[in-house]
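Colleague: build the 3D model from these lines:
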Amino acid sequence: MLLLACPLLLLSLIHGQTGAVLPFRNISLSWEDRVNDLVSRLTLDEMVGQMAGGGGSTYKPEPAIPRLGIGRYQFDTECLHGVMNMKATTFPQAIGLSASFSEEIVYLVGEAIGTEARAINIDASSRGEYGLCTGMSCFSPFMNLVRHPLWGRVQEVYGEDPYLSGRITTAYVRGMQGSHPRYFRANSGCKVVGLYSGPENRPVSRFSFNAVASERDLRLSYFPQFKACIDAGTQNLMCSYYRLNGIPTCMHKWLLTDVMRKEYGFKGYYVTDAGAIQVSVNNHHYYKSILEAVSAAANAGLNLELPGESTSAYLQLTTAVERGMVNVSTIVELVKPMFYTRMRLGEFDPPELNPYSNISLSVVESEIHQEIAIQAAMKTFVLLKNKDGVLPLKSKVGNLAILGPLANNLLALYGNYNPVVLPQYAKTPLQGLTTLASKVNYASGCNDPFCAHYNSSDVKAYAADADVVIVCLGTVWQYEGEDSDRSHLNFPGYQAQLLTDAMAASKKPVILLLFTGGPYDIAFARNSDQVGAIIQCFFPGQATGEALFRTLAVDQFGGVVSPAGRSPYTWPKSLDQVPPMVNYSMEGRTYRYFKGPGQPLYPFGYGLSYARFSYSDLVIDPSTVKAGANVVINVTVANSGPYDSEEVVQVYISWRDCPVLMPQLQLVAAARQMVTVKQPFRASLTIQAEQMRVWDDSKGFIYLSGIIDIYVGGQQPNQETAASSNVLQGSIKVVA
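Modeller: A predicted model of the protein is given here:
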């Protein structure tokens, strides 16, 4: 504030004693030259101060450097599906966005979140506020794989497939950061680098867990989506609390420097998860002192600490340099990417050059962003069952019963890492679906989603009296979330009993809406004729009620939005089909390596629609492929009705007689397309050359001569639970 009150002093700081513009503010110079100039002017203590996360655990901003006119900066902003803890638009939770299989809608969501983050930052910084989540540097997206259904953070990630996760990540990053050739709208940060897919707290704590993984599994499953994020231009990566093959990830030079920087080309900054440096000493007991851990982290390539205690560990870097444990040149190089990002956000340029510098808070919950939230929510819904075409509802309902603890619980529908709940912009299922009927009876049955106490009287009475019964079951982040793994696949408390009571009392099959992150035991509902339809809604956010209204019933013009989401993970019948969470081998895990016993309840990529699709006229070009060349897939998709609907065209490959271990099936292309009734659509998708490589333990990624089978349809081939559409098969010959 002193600088603002003394403009002549400020100008002298910016321009120097001679009046010339300091090089780091000279827009005619390259980014590299500007960053080098800025960092060359910093003392060791100033550089360390920028790397120490504000110095403590209160999420303080990086300190100002008044002598250079450099202000404070907040690196800690969470933007998973909206700007956390701020008044902002709440979009569907991440796992639902992956179920959309739509890069287009995820791009729009990322764009909207980045715009709101910028607006919030402009407003906050104008008032001298730099608190948590007021910055433009986001710790999003979260892109580790779903590899166990009980992992608490399933809701935060993009499913179990590395290709799908990479594509959704790319769309989000590009949407958030924008396409301007000079400036970032906001900057994304992909987490958590390497591998971090459970446990949180069961059967062991994430603060002491050592994930043991082969390089084959790292390269084929755990790393590809991070390479996609880097290729998309992300500016930061977060390291985790885990050890990877014995070494804490925030001090893992092979991971941070050798692979991500040198091999994948990452040029941004690394940030710890909160307190990870202290965890390496106090929980893993890998280092004897904080000073030793700090030195190892800096030498491994860690740029920024997110402190977890009252004092930042990285403040000891000055001592580490003085004792010869870290070279000052290392500190210089580590601080550069942080200032590069700030430069690309426009901090050191005249504001009039930056098109993002005048975004106002009017963009928050704007009509456009509200509609994007609705469209995104509708695209996340996965129709798991629709017996005899129960949905969509064809006419106005006389008496509607809406039951369950998730029917009118707005906060639970948001998922974790959410913005502030703004009720004036949000609708619960009850609020959204009330207009479908002449009369609506509502009973939660439970006081909260934990459902430890259950009153069945209204549930049974309303179900018995209704023409249509909708049951809303699910969870909250305290039940499945960060620091909270589940111990079983069952619903909380008496929720399953509530559904059973509604099924028994209802005259007609009930409609079950699920609001969860991970899969639950719904085999009884899937197999019962008393359940007519099941929709996995995930956590749709503020648009839940409106999105359901547009999806469940035919409108006055005879149209309806057909669900077309597809499951982003394998939904097991039981835990017997899933290896233990602490085992990081991919063997038997996800659809790519699934072994059973038996087949899953619902396979990855599965989902129904209100339409019936068929596939024909598959053309694969070329049929003989030289190593390093792409393959183009063309196929005709027809919709026989009765409603227009989007379809997710999926392309899988399988290596025939491969001499090295590869996935038994691998998604390599997907596209969500609208298909009009009786107007066949010609879809064209490309299998990128790198998707046809195999991993050799001694040579790395290589091409091998041989046959690759290709499957094209709206789902995986040869599944027990399948949509009505067919899957076409062809093959290519690879010549290496």
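
Colleague: where's Met143 relative to Asp521, distance?
Modeller: From Met143 over to Asp521 the distance is 27 Å, taken as C-beta to C-beta, to the nearest Å. For the C-beta atoms, the positions are set from N, CA and C on the backbone; glycine is no exception.

Colleague: Pro659 too?
Modeller: Pro659 is 40 Å from Asp521, by C-beta to C-beta.

Colleague: ok, these two, which is more surrounded?
Modeller: Taking other C-beta atoms under 10 Å, Pro659 and Asp521 do not tie; Asp521 has more neighbours (19 against 10).

Colleague: helix or strand: which one has that one?
Modeller: For Asp521, there is no helix or strand it lies in under DSSP states H and E.

Colleague: strands of the stretch 251-400 of the chain, start to end?
Modeller: In the stretch 251-400 of the chain, the segments counted as strands under DSSP state E, counting those that start in this stretch are 269-272, 382-386, 397-403.

Colleague: so what strands line up beside the last one?
Modeller: Sheet partners assigned to strand 397-403 using DSSP bridges are listed as strand 437-443 (parallel), strand 468-474 (parallel).

Colleague: before we move on, back to that, closest one to Ser724 among the strands of the stretch 251-400 of the chain?
Modeller: strand 382-386 (10.6 Å; C-beta to C-beta).

Colleague: tell me the pLDDT of Gly559.
Modeller: On pLDDT, Gly559 comes in at 85.

Colleague: ok, it - contacts?
Modeller: By C-beta atoms under 8 Å, 6 or more residues apart in numbering, Gly559 lies in contact with Tyr643, Asp644.

Colleague: repeat that for 10 Å
Modeller: Pro392, Arg550, Tyr643, Asp644 (C-beta atoms under 10 Å, 6 or more residues apart in numbering).

Colleague: same check on Tyr107?
Modeller: The neighbours of Tyr107, taking C-beta under 10 Å, 6+ apart as the test, are Ile168, Thr170, Ala171, Tyr172, Val173, Arg174, Gly175, Met176.

Colleague: please name the bridge partners of the residue lying closest to Lys595 once chain neighbours are set aside.
Modeller: Leaving out its chain neighbours, the residue that sits closest to Lys595 by C-beta to C-beta, 6 or more residues apart in numbering is Gly588, at 4.3 Å. Following DSSP bridges, Gly588 is listed with bridge partners Phe594.

Colleague: can you give me the neighbour number for Gly588?
Modeller: Burial measure for Gly588: 13 neighbouring residues, criterion other C-beta under 10 Å.

Colleague: equivalent analysis for Leu256, please.
Modeller: Leu256 has 24 neighbours, counted by other C-beta under 10 Å.

Colleague: how close does it get to Asn299?
Modeller: Counting by C-beta to C-beta, the gap from Leu256 to Asn299 is 10 Å.

Colleague: got it, and Tyr242?
Modeller: 19 Å.

Colleague: quick one: which of these two has more around it?
Modeller: Set Tyr242 next to Asn299 and count neighbours by other C-beta under 10 Å: Tyr242 wins out with 27 against 17.

Colleague: low-confidence ranges in the stretch 551-700 of the chain?
Modeller: For the stretch 551-700 of the chain, no stretch has pLDDT under 70.

Colleague: tell me where it has strands.
Modeller: Taking DSSP E, counting those that start in this stretch as the criterion, the stretch 551-700 of the chain contains strands spanning 613-621, 624-626, 631-639, 645-656, 666-675, 681-687, 694-696, 700-702.

Colleague: can you lay out those strands as a markdown table showing distance to Arg147 and mean neighbour count?
Modeller: Putting the strands of the stretch 551-700 of the chain into a markdown table (distance: least, C-beta to C-beta, whole Å; neighbours: other C-beta atoms under 10 Å) gives the following:
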| stretch | distance to Arg147 | mean neighbour count |
| --- | --- | --- |
| strand 613-621 | 30 | 16 |
| strand 624-626 | 31 | 14 |
| strand 631-639 | 28 | 20 |
| strand 645-656 | 19 | 22 |
| strand 666-675 | 16 | 20 |
| strand 681-687 | 25 | 16 |
| strand 694-696 | 18 | 17 |
| strand 700-702 | 22 | 12 |
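
Colleague: redo those strands as TSV? Include distance to Glu116.
Modeller: Output for the strands of the stretch 551-700 of the chain, formatted as TSV (distance: least, C-beta to C-beta, whole Å):
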stretch	distance to Glu116
strand 613-621	37
strand 624-626	44
strand 631-639	36
strand 645-656	27
strand 666-675	25
strand 681-687	33
strand 694-696	41
strand 700-702	39
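
Colleague: circling back: now the contacts of Tyr107 as TSV including pLDDT and distance to Leu433?
Modeller: Listed next are the contacts of Tyr107 as TSV, based on pLDDT from 0 to 100; distance: C-beta to C-beta, whole Å:
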residue	pLDDT	distance to Leu433
Ile168	98	29
Thr170	98	35
Ala171	98	30
Tyr172	98	30
Val173	98	35
Arg174	98	35
Gly175	98	30
Met176	98	32
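
Colleague: out of those, grab the one that's most surrounded.
Modeller: Ranked by neighbour count (other C-beta under 10 Å), these have Tyr172 at the top, with 33 neighbours.

Colleague: that residue in helix, strand or coil?
Modeller: Assigned with DSSP: H, G, I helix; E, B strand; the rest coil, Tyr172 falls in the helix class.

Colleague: follow-up on the earlier one: okay, the strands of the stretch 251-400 of the chain, which one's buried deepest?
Modeller: With neighbours taken as mean count of other C-beta atoms under 10 Å, the strands of the stretch 251-400 of the chain reach their highest mean count in strand 269-272, at a mean of 27.

Colleague: quick one, what contacts Arg566?
Modeller: The contact partners of Arg566, taken as C-beta under 10 Å, 6+ apart, are 98-101, 159, 164, 382-383, 602-609, 647-648, 650, 670, 672, 714-715, 723.

Colleague: which ones among the residues you listed lie within helices?
Modeller: Among the contacts of Arg566, the residues falling in helices (DSSP state H) are Ser98, Ala99, Leu164.

Colleague: the last one: how many residues sit nearby?
Modeller: For Leu164, the neighbour count with other C-beta under 10 Å is 23.
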